[in-house]
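> I'd like to go over a predicted model; first the sequence, then the structure.
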Amino acid sequence: SVLANHKKGDTVTWANGDSAPHLIKAVAFNSGRLNQGQSFSFTFKEAGAFDYLCSLHPSMLGKIIVK
């Protein structure tokens, strides 16, 4: 999924509501293992497009666009 319309300084939070663990990984950030009920936040200090995936489930992809 693509999450757009973010601005520099915005914080994005991922929350795991799934029963399976997930691990959000990108060049700019890494959540560590997120079990059910856990969350991870990252503040984007620069503009750009940031691709990420779940390194435990590589078919789960996303992109954050920061202007």
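Okay, I see it.

> Identify the spatial nearest neighbour of the residue of the chain positioned farthest from its centre, chain neighbours not counted.
Summary for the chain: using Cα atoms, centre = their mean, the residue whose C-alpha lies farthest from the chain's mean C-alpha position is Ser19, with a distance of 17.8 Å. The shortest distance from Ser19 to any residue other than its chain neighbours is 5.6 Å, reached at Gln36 (Cβ to Cβ, 6 or more residues apart in numbering). Any C-beta I mention is one placed from the backbone N, CA and C, and that applies to glycine too.

> Pull up the gap between that neighbour and Ile64, please.
Gln36 sits at a distance of 23 Å from Ile64 (criterion: Cβ to Cβ, to the nearest Å).

> Kindly report the same for Ala4.
Ala4 sits at a distance of 8 Å from Ile64 (criterion: Cβ to Cβ).

> So the two - more neighbours on which side?
The residue with more neighbours, out of Ala4 and Ile64, is Ile64; 21 against 10, by other Cβ atoms under 10 Å.

> Just list whatever residues bridge to the more buried one.
Following DSSP bridges, Ile64 is listed with bridge partners Leu3, Phe50.

> what sits against it?
By Cβ atoms under 8 Å, 6 or more residues apart in numbering, the residues touching Ile64 are Val2, Leu3, His6, Val12, Phe44, Ala49, Phe50, Tyr52.

> In PyMOL, how would I select the buried members of those?
The PyMOL selection below is limited to those of the contacts of Ile64 classed as buried (16 or more other Cβ atoms under 10 Å):
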select buried, resi 6+12+44+50+52
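
> Point out the least confident one among the contacts of Ile64.
Taking pLDDT as the measure, the contacts of Ile64 have their low point at Leu3 (82).

> So what's the residue count around the closest residue to Phe29 other than its chain neighbours?
For Phe29, ignoring the flanking residues on the chain, the nearest one in space by Cβ to Cβ, 6+ apart is Phe42 at 4.6 Å. Phe42 is surrounded by 19 other residues when neighbours are defined as other Cβ under 10 Å.
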